[in-house]
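J.: Next input, structure requested:
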Amino acid sequence: MTPEFSRIIRAHDVGTSPRGEAIEAKPLERIALATRFDLLTLDRLTADLTIVRDAGGIRVTGRFDAAGEQACVVSAEPVAFTLAELVDLRFSDDVPEGDEIELGDSDLDVVPLDGDHLDLGEAIAQSLGLALDPYPRAPAEIRAAAERLLTTEAEAVAIAAADKARANPFAMLRPPK
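T.: Take a look at the predicted model:
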């Protein structure tokens, strides 16, 4: 199945000299991505990338920019978002396979090569999915939640004392007051 936003380049065309790639999602691709990521709208998705082959595979660095609207998790009102995120990916044939693998920090952004192809569009789409706020809230909902949290000074002192007691592992050994 072809991804909604696919920009394939051939791995054997990537050399050791950095090569720039600029990609942009077309209107129908943005609609399909909005559906995939449960967005109200995806008004913009662009990426400026540098691609270069190195000892570990093919490295893709740069940034992507996106804008659109998500639904508030409380009220379903539109919540605008604007993203400007850095990208640092490595496409490699050397990705461990199996049910359980141990990943280190350097392994977290390694993408397996699909034969001789790497899909920059899908990599950016996945990066977008990771960058989106999983619980967007409309400003009115944030204010309402903050107002519900306001307490009297006595309540604040009692809450602070309870938090301090929970932080002390030996607090439960003290006799009650």
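J.: other SSEs contacting the one helix or strand Arg90 maps to?
T.: When elements are assigned from DSSP states H and E, Arg90 belongs to strand 78-92. Packed against strand 78-92 by the contact rule (3 or more C-beta pairs under 8 Å, 6 or more residues apart in numbering; DSSP states H and E) you find strand 41-54, strand 57-71, strand 110-112, helix 120-131. Placement of C-beta: from N, CA and C, glycine included.
J.: strands paired with the shortest one, and their directions?
T.: In the sheet containing strand 110-112, its partner strands are strand 78-92 (parallel), by DSSP bridges.
J.: buried ones in the partner strand?
T.: Under the neighbour-count criterion of 16 or more other C-beta atoms under 10 Å, strand 78-92 has Pro78, Val79, Phe81, Leu83, Val87, Leu89, Arg90, Phe91, Ser92 buried.
J.: Check stretch 67-77 too.
T.: Buried residues in stretch 67-77, defined by neighbour count with 16+ other C-beta under 10 Å: Gly68, Glu69, Gln70, Cys72, Glu77.
J.: Columns distance to Ala22 and mean pLDDT on top of the helices and strands packed on strand 78-92, output as a markdown table?
T.: Shown next, in a markdown table, are those (distance: least, C-beta to C-beta, whole Å; pLDDT from 0 to 100):
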| stretch | distance to Ala22 | mean pLDDT |
| --- | --- | --- |
| strand 41-54 | 5 | 96 |
| strand 57-71 | 9 | 95 |
| strand 110-112 | 19 | 80 |
| helix 120-131 | 10 | 95 |
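J.: between these, which one is nearest to Glu4?
T.: helix 120-131 (6.7 Å; C-beta to C-beta).
J.: by how many degrees do that closest one and strand 41-54 diverge?
T.: Between the axes of helix 120-131 and strand 41-54, defined by axes from the mean of the first three to the mean of the last three C-alpha atoms, to 10 degrees, the angle is 120 degrees.
J.: same for helix 120-131, what does it pack against?
T.: Helices and strands touching helix 120-131, by 3+ C-beta pairs under 8 Å, 6+ apart, are strand 8-10, strand 19-24, helix 27-36, strand 41-54, strand 57-71, strand 78-92.
J.: can you put these in TSV and add distance to His117?
T.: As requested, these are exported to TSV (distance: least, C-beta to C-beta, whole Å):
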stretch	distance to His117
strand 8-10	5
strand 19-24	14
helix 27-36	18
strand 41-54	13
strand 57-71	11
strand 78-92	9
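J.: for these, which one sits closest to Gly115?
T.: strand 8-10 (9.4 Å).
J.: in stretch 46-58, what's buried?
T.: Those would be Ala47, Leu49, Ile51, Arg53, Gly57, Ile58, for stretch 46-58 by 16+ other C-beta under 10 Å.
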